[in-house]
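J.: Sequence first, then the predicted structure, then my questions.
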Amino acid sequence: MSILPASTRITGDIRTAEHLSVAAKVQGNIHVADADLTIAESGHVIGDIRARRILIRGIVTGAVSALERIEVAASASVSGHISADHVIVIDGATVNAKIDMNRRTIAAMVARHQARP
């Protein structure tokens, strides 16, 4: 698992095939191919994120898309669009997003993203 610590600020896109934990401030898209992504309580992402499974404990503004599942913890704040087969929102989380659990929509989003260079 790779970890981006809280003292890190990134402007630009991140792509990896490893499990990733983000405690950093990221302005850009995060794509974790066939692995898990965790946004820690100190993590703040402005951009789209995709992974196999996503756990959000921090702040995310943008489209959040997972092949399997997204969990939004009580400490989390999400604004934008959430798309996965399974979405779990824990009591106390702040969610201002459209939640889409339609498999066709998810498949189309994944195909569109994979077609990008």
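T.: Perfect, thanks for sending it. Just so you know, these numbers come straight off a predicted model, no measurement behind them.
J.: Would you point out which residue is most central in this protein?
T.: I49 (3.9 Å; C-alpha atoms, centre = their mean).
J.: Test of understanding: give the bridge partners of that residue.
T.: Taking DSSP bridges as the rule, I49 bridges to I30, V64.
J.: Tell me, what's the model's pLDDT at it?
T.: Looking at I49, its pLDDT is 96.
J.: Pretty sure it sits against D36.
T.: No - between I49 and D36 there is no contact under C-beta atoms under 8 Å: 11.6 Å. To be clear about C-beta, it is placed using only N, CA and C from the backbone, and glycine gets the same treatment.
J.: And the residue nearest to the centre of the chain, how close does it get to G43?
T.: 10 Å (C-beta to C-beta, to the nearest Å).
J.: Also V22?
T.: 4 Å.
J.: Likewise for I90?
T.: Counting by C-beta to C-beta, the separation of I90 from G43 is 16 Å.
J.: Which one of these two is surrounded by more residues?
T.: Taking neighbours as other C-beta atoms under 10 Å, I90 and G43 compare with G43 leading, 22 against 13.
J.: Sweet, I'm off.
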